[in-house]
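S.K.: just a sequence and a predicted model for now, questions to come.
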Amino acid sequence: MGDPPKIYSLECRKGITGIEEVWDPARKKFVTLTPEEWVRQQFIRMLKDQYQYPYSLMGVEKGLKYHALQKRTDLICFDRQGKPVLLAEFKHPEVALTEETYFQSALYMHSVGALWIVLHNFKETLIWRKDESGEFIAASSIPIFNAS
């Protein structure tokens, strides 16, 4: 993922209150367009276009419990059996991806049992996978969706 990301065309509109909205194909609805949402929508389309992840197996802003705390993940991709495969967290394009962001995602990943973590702010993408021993190892690319 070293090349600059492709910029996908997004379907946008002015909402009832005059706020800009973007169509989210995973949630099948218009949502408020913020800089972080723009990053998420670009990534969602990239996952579909370049890595064959079906929109129907993407969960956006899904709730999860971490100890007694209720948290929300930015994006979880599932396999056909409903097992979490990939967890992605997004930041505003001007927000650096930090160790704190990584640890937050690692905690979420542990909670949901995903095998891959992606941190993405459009300018930078950091990827880790969980190996057989449960350790997180840096990876250079996202896995192609396994349709089986």
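M.R.: Sure, I can see it.

S.K.: C-alpha only now, for contacts and for neighbours.
M.R.: Will do.

S.K.: where's residue 42, which helix or strand?
M.R.: Per DSSP states H and E, residue 42 falls inside helix 35-51.

S.K.: cool, residue 87 as well?
M.R.: strand 84-90.

S.K.: can you name the residues in contact with stretch 9-17?
M.R.: Residues outside stretch 9-17 that contact it (CA atoms under 8 Å, 6 or more residues apart in numbering): 20-23, 41.

S.K.: what's the span of it, first residue to last?
M.R.: This stretch, stretch 9-17, spans 23 Å end to end (CA to CA, to the nearest Å).

S.K.: which ones are touching residue 99?
M.R.: Contacts of residue 99 (CA under 8 Å, 6+ apart): none.

S.K.: follow-up on the earlier one: what's downstream of the helix holding residue 42, the next helix or strand?
M.R.: strand 58-60.

S.K.: tell me which strands that next one pairs with, and in which orientation.
M.R.: Here strand 58-60 has these sheet partners by DSSP bridges: strand 75-78 (antiparallel).
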